[in-house]
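# Fold the following for me, if possible:
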Amino acid sequence: MLQGTTVNPQVRSAPPLFSPDFLRDPYPTYRQHVAGPGIQPLPIRADTWAVFGYDACANLLRLPGITSVRPAQAIVAVPEAERAPFKGLIDHVGRWLLFLDAPAHTRLRKFMNKGFAPLTVERLRPRVVAAVENLLSKAEAMADFDVIRDFAYPLPVRIISELLGLPESLYDRCIALSSDIAMWLGQLRRNAQDSGRAQAAVEELIGYFEAAIRERGNGQQDLLHLLLEMMQSEPGTTLDDVYAQCVLLLVAGHETTRNLIGNGVYTLLTHAQALGALREDPKLISAAVEEVLRFESHVQAFGRATLTDLEIGGVPLPVGSSVIIVIGAAHRDPSHFSNPDRFDIQRKHIRHMAFGADAHVCLGSTLARLEGQIAMAALLERFPRLRLLDPAPDWGTNFAFRGLRSLRVAVG
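As a prediction, the model looks like this:
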């Protein structure tokens with residue numbers, strides 16, 4: 001049972017949740033909510049609640065009666081009478097591994113794990129290194145190098161698109177389409193326009209995967225091959241299920257890894273002590289990435305719903321309620337992390353939830369870590385005098401997926 005606490009009256013006022021100032025710097029606001037009740041209503045949406053403390057978030061994920069399955073009203077936040085045009089999006093998203101419970105989730109996850117096993121991912125290292133070196137070689141000749149536009153954007157989409165059988169000619173288009181889906185997915189104030197863009201993006205991506213399946217060569221071994229093999233071996237699995245996982249992998253493989261790299265580079269460049277320690281000992285890159293995942297998490301929140309009427313922390317939640325797990329706040333909880341607002345790449349035992357938790361730990365977390373470590377280490381090695389050019393960070397407005405829209409740097 002999640003327990004409530006009282007609000008600390010000495011915590012100074014901070015920007016309200018989801019305001020522009022909050023999106024630029026959510027952490028003062030998180031401090032207030034971590035000090036508040038264990039579960040709190042969100043007036044932004046009816047029947048929606050949030051948990052902010054580390055233990056509250058971790059405990060809620062283990063509660064019976066909590067589901068990863070999203071009701072239609074949570075997928076498309078429009079009245080039921082206006083939901084028919086979005087049936088395609090609702091059906092498609094309902095097939096995502098992310099939004100399944102056991103036993104369907106267990107069967108699908110077990111099969112898809114083969115594509116992201118540690119040895120399988122490690123075999124991708126030369127491919128990631130080559131892509132990083134190619135992008136950094138281009139950056140050396142640029143008068144205006146933007147880490148996001150010229151590095152963090154193209155790298156992960158190149159890797160995941162190749163694994164899913166998509167040609168290089170589609171990389172830029174895949175970035176735009178996955179961004180439309182991520183913007184819809186990461187907003188609490190969803191509307192018909194956001195949902196319409198996401199549905200159009202899904203339909204276009206499915207068309208590309210249909211073409212990739214038609215044109216693929218015999219014996220081609222990649223993630224798409226694995227998903228097609230799953231369709232043959234798992235009774236009841238259809239092409240629609242394959243397309244759903246392809247779209248999910250593309251969006252997750254691009255959006256979150258891009259933000260991990262961008263957030264990591266920005267955080268290191270604004271913390272001289274940590275940057276100096278990493279330059280002295282490049283082997284700290286793995287620990288540095290884990291601390292970035294805690295301190296400036298690329299995923300700030302994810303959702304669950306109630307399967308039955310529940311009481312959490314003394315608060316009754318009716319069946320079908322949405323619950324937002326705000327891990328960005330949990331990662332700054334002083335009851336779990338010592339001096340949580342300090343960026344410390346030598347911090348021990350970092351149990352962050354940036355890749356989710358329990359059975360729903362991100363399928364591609366090993367690949368994301370590999371890309372993040374290689375990308376940040378190579379960037380700092382190639383450009384030892386790297387420094388920021390813009391006085392203030394250009395943070396995006398997506399609440400759930402925190403990342404920079406641009407990060408202009410000088411390389412010499």
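
# domains for the protein, by residue range?
Using automatic domain parsing, the domain ranges for the chain come out as 1-58+302-342, 68-299+354-410.

# Dump those to a markdown table, plus mean pLDDT and distance to K348.
All C-beta atoms are positioned from the backbone trio N, CA, C, and that covers glycine. Putting the domains of the chain into a markdown table (pLDDT from 0 to 100; distance: least, C-beta to C-beta, whole Å) gives the following:
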| stretch | mean pLDDT | distance to K348 |
| --- | --- | --- |
| domain 1-58+302-342 | 87 | 10 |
| domain 68-299+354-410 | 93 | 9 |
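
# Put the alpha carbons of stretch 128-147 into CSV.
Taking Å, rounded to 0.1, in the frame of the first residue of the first chain, the C-alpha atoms of stretch 128-147 are listed here in CSV:
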residue,chain,number,x,y,z
VAL,A,128,27.6,1.6,-34.0
VAL,A,129,31.3,2.7,-33.9
ALA,A,130,31.4,3.1,-37.7
ALA,A,131,28.2,5.2,-37.7
VAL,A,132,29.6,7.4,-34.9
GLU,A,133,32.9,7.9,-36.6
ASN,A,134,31.2,8.8,-39.9
LEU,A,135,29.0,11.4,-38.2
LEU,A,136,31.8,12.9,-36.2
SER,A,137,34.1,13.1,-39.3
LYS,A,138,31.3,15.2,-40.9
ALA,A,139,31.1,17.4,-37.8
GLU,A,140,34.7,18.3,-38.0
ALA,A,141,34.1,20.2,-41.2
MET,A,142,31.0,22.0,-39.9
ALA,A,143,31.1,25.7,-39.0
ASP,A,144,27.9,25.2,-36.9
PHE,A,145,27.7,21.8,-35.2
ASP,A,146,24.5,20.9,-33.5
VAL,A,147,24.8,17.8,-31.3
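
# Which residues outside it are in contact with it?
With contact meaning C-beta atoms under 8 Å, 6 or more residues apart in numbering, stretch 128-147 is reached by 150-151, 154-155, 158-159, 261-262, 265-266, 370-371, 374-375, 378-379, 382-383, 406-411.

# Which members of these are classed as buried?
150-151, 154-155, 158-159, 261-262, 265-266, 370-371, 374-375, 378-379, 383, 407, 409 (16 or more other C-beta atoms under 10 Å).

# State the distance from N259 to G328.
Note on N259: its distance to G328, by C-beta to C-beta, to the nearest Å, is 12 Å.

# Quickly list what's touching both of the two.
R402.

# Helices of the stretch 201-350 of the chain, residue ranges please.
Secondary structure of the stretch 201-350 of the chain (DSSP state H, counting those that start in this stretch): helices at 223-233, 239-269, 272-280, 285-295, 327-330.

# Now do the strands for the stretch 1-150 of the chain: every range, in order, please.
Secondary structure of the stretch 1-150 of the chain, counting by DSSP state E, counting those that start in this stretch: strands at 40-41, 48-51, 66-67, 145-146.

# Put together TSV for those strands, with mean neighbour count and distance to D172 on each row.
Below are the strands of the stretch 1-150 of the chain laid out as TSV (neighbours: other C-beta atoms under 10 Å; distance: least, C-beta to C-beta, whole Å):
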stretch	mean neighbour count	distance to D172
strand 40-41	17	41
strand 48-51	22	35
strand 66-67	18	37
strand 145-146	22	15
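
# Let me have the ones you listed in JSON lines, extended by distance to I75.
Below are the strands of the stretch 1-150 of the chain laid out as JSON lines (distance: least, C-beta to C-beta, whole Å):
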{"stretch": "strand 40-41", "distance to I75": "21"}
{"stretch": "strand 48-51", "distance to I75": "14"}
{"stretch": "strand 66-67", "distance to I75": "13"}
{"stretch": "strand 145-146", "distance to I75": "34"}
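
# and the buried ones among the contacts of stretch 128-147, which of them are in strands?
Among the buried ones among the contacts of stretch 128-147, the members falling in strands (DSSP state E) are V409.

# Nearest residue to S179 in space, please, no chain neighbours.
Counting by C-beta to C-beta, 6 or more residues apart in numbering, S179 lies nearest to E255, which is 7.1 Å off, once chain neighbours are set aside.

# quick one: contacts for the one you found?
S178, S179, A182, F401, G403.

# Which of those ranks first by neighbour count?
In terms of neighbour count, G403 stands highest of those at 26 neighbours, by other C-beta atoms under 10 Å.

# Go ahead and confirm that one touches I261.
No. Counting by C-beta atoms under 8 Å, G403 stays clear of I261, with 9.2 Å between them.

# now the helix or strand harbouring I181: how far from the chain's centre is it?
Element membership for I181 (DSSP states H and E) is helix 171-185. Computed by C-alpha atoms, centre = their mean, to the nearest Å, the chain-centroid distance of helix 171-185 equals 13 Å.

# and if you look at stretch 86-95?
Relative to the chain's own centre, stretch 86-95 is displaced by 20 Å; criterion: C-alpha atoms, centre = their mean.

# Thanks again, I'm all set now.
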